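Enquirer: sequence? don't have it. structure:
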């Protein structure tokens with residue numbers, strides 16, 4: 001959520017800035033998912049434009065408030081802004097042609113580079129020392145899941161690394177299942193560092209608890225799909241003889257993957273919005 005060892009004013013600014021960046025980043029991910037459909041109606045097109053306006057608003061206010069920050073938290077936000085801005089610009093720029101490219105099976109120019117940068121950025125966040133335990137658990141588990149899906153998709157859902165993936169998924173399952181007291185204690189610790197009255201603090205703490213429960217639940221849904229993909233692949237001879245059938249089963253699971261990914265994205269947007277509603281009155285949705 002936010003960095004520790006900062007005075008309340010600097011902590012609040014950092015929490016506000018990271019919530020804005022969180023909102024912008026996950027809105028860009030939502031633009032990517034929703035732009036893949038060829039059958040968009042005017043309402044859906046308007047929704048995408050609304051996401052674009054919100055992203056620009058978030059980034060505008062992040063840039064404006066950097067001057068209010070100090071030290072390492074300022075450097076951290078400048079670094080994250082540079083990355084998030086590039087991701088958002090790419091998704092907005094390519095949204096108009098993504099549906100057609102997806103339909104004919106062509107890669108969108110720039111996607112591969114952006115994907116590698118996303119992987120690097122997520123891994124960087126996984127090992128950041130000032131991460132709260134809860135955030136670190138979620139980032140590491142999500143990195144494991146997306147890494148497995150990326151590798152399976154690249155190999156056309158055919159792999160000889162099932163045993164290694166099963167071990168990784170077991171670790172992700174553990175990370176995606178934090179004890180309730182860990183969620184409660186970290187949410188309380190975060191809220192206690194903000195300059196809020198008792199009523200605001202109580203409401204924010206309760207909503208953050210619910211947001212984290214949904215984020216981890218959405219992550220476990222992706223994990224379930226990854227487990228099912230691996231489960232349809234038997235031994236070596238089975239895979240050779242039933243490759244076509246396995247591919248059909250994997251593709252059926254892939255149809256469930258899109259709504260599961262969208263659920264994860266929406267849970268992350270909700271988390272950022274919860275924080276912004278409490279401490280970011282300057283930026284409306």
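Expert: Thanks, I have it. Owing to the predicted nature of the structure, the values given are computational and were not obtained by experimental measurement. Residues are numbered from 1 along each chain as shown.
Enquirer: Can you tell me the number of residues neighbouring residue 214?
Expert: The number of residues packed near residue 214 is 17, by other CB atoms under 10 Å. C-beta here means a position set from N, CA and C on the backbone, and glycine is covered the same way.
Enquirer: What helix or strand is it located in?
Expert: Element membership of residue 214, judged by DSSP states H and E, is helix 198-231.
Enquirer: same thing with residue 53?
Expert: Secondary-structure assignment from DSSP H and E places residue 53 in helix 42-65.
Enquirer: Distance from the chain centre to the helix holding residue 214, please.
Expert: Between the centre of helix 198-231 and the centre of its chain there are 12 Å (CA atoms, centre = their mean, to the nearest Å).
Enquirer: average pLDDT for it?
Expert: Averaging pLDDT along helix 198-231 yields 94.
Enquirer: Can you list the buried residues in stretch 105-118?
Expert: Neighbour-count burial for stretch 105-118 flags 108, 114 (criterion: 16 or more other CB atoms under 10 Å).
Enquirer: hmm, who's touching it?
Expert: Residues from elsewhere that reach stretch 105-118 (CB atoms under 8 Å, 6 or more residues apart in numbering): 83, 86-87, 90, 94, 97-98, 101, 150.
Enquirer: now stretch 85-95
Expert: 24-25, 27-29, 31-32, 35, 48, 52, 55, 59, 108-111, 114, 117-118.
Enquirer: can you give me the helices in the protein?
Expert: In the chain, the helices defined using DSSP state H lie at 8-34, 42-65, 71-104, 111-126, 133-154, 162-175, 180-192, 198-231, 236-241, 243-279.
Enquirer: and the first one, what other elements does it pack with?
Expert: The helices and strands touching helix 8-34, judged by 3 or more CB pairs under 8 Å, 6 or more residues apart in numbering; DSSP states H and E, are helix 42-65, helix 71-104, helix 243-279.
Enquirer: chain center to the helix holding residue 53: distance?
Expert: Remark: helix 42-65 is offset 17 Å from the chain centroid, using CA atoms, centre = their mean.
Enquirer: how many degrees apart are it and helix 71-104 in direction?
Expert: 160 degrees (axes from the mean of the first three to the mean of the last three CA atoms, to 10 degrees).
Enquirer: tell me what helix 42-65 is packed against?
Expert: helix 8-34, helix 71-104.
Enquirer: Switch these over to CSV; also include distance to residue 185, mean neighbour count and mean pLDDT.
Expert: Shown next, in CSV, are the helices and strands packed on helix 42-65 (distance: least, CB to CB, whole Å; neighbours: other CB atoms under 10 Å; pLDDT from 0 to 100):
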stretch, distance to residue 185, mean neighbour count, mean pLDDT
helix 8-34, 17, 22, 94
helix 71-104, 23, 16, 91
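Enquirer: Looking at those helices, which is nearest to residue 43?
Expert: Nearest to residue 43 among the helices and strands packed on helix 42-65 is helix 8-34 (11.5 Å), distances taken as CB to CB.
Enquirer: Please tell me how far residue 44 sits from residue 278.
Expert: 30 Å (CB to CB, to the nearest Å).
Enquirer: In terms of neighbours, single out the busier of the two.
Expert: residue 278 (22 against 13).
Enquirer: ok, now which ones touch the more buried one?
Expert: Going by CB under 8 Å, 6+ apart, residue 278 touches 194, 196, 200, 203-204.
Enquirer: Widest-spaced pair of the residues you listed?
Expert: Using CB to CB, the contacts of residue 278 reach their maximum pairwise distance at 194 and 203, which is 12.0 Å.
Enquirer: More neighbours: the two, which one.
Expert: Comparing residue 194 with residue 203 by neighbour count (other CB under 10 Å), the higher total belongs to residue 194, at 18 against 15.
Enquirer: Help me confirm that that one comes into contact with residue 208.
Expert: No - contact criterion CB atoms under 8 Å: residue 194 and residue 208 do not qualify, at 11.0 Å.
Enquirer: Isn't residue 262 up against residue 30?
Expert: Yes - Residue 262 is in contact with residue 30 according to CB under 8 Å; the separation is 7.2 Å.
Enquirer: how's this protein carved up into domains?
Expert: The chain breaks down by automatic domain parsing into domains covering 1-130, 132-285.
Enquirer: by how many degrees do the helix holding residue 214 and helix 243-279 diverge?
Expert: Angle, helix 198-231 to helix 243-279, by the same axes, to 10 degrees: 170 degrees.
Enquirer: Which positions in helix 198-231 come out as buried?
Expert: 201, 204-205, 207-209, 211-212, 214-216, 218-223, 225-227, 229-230.
Enquirer: And that helix, what does it pack against?
Expert: If you count contacts as 3+ CB pairs under 8 Å, 6+ apart, helix 198-231 packs onto helix 133-154, helix 162-175, helix 180-192, helix 243-279.
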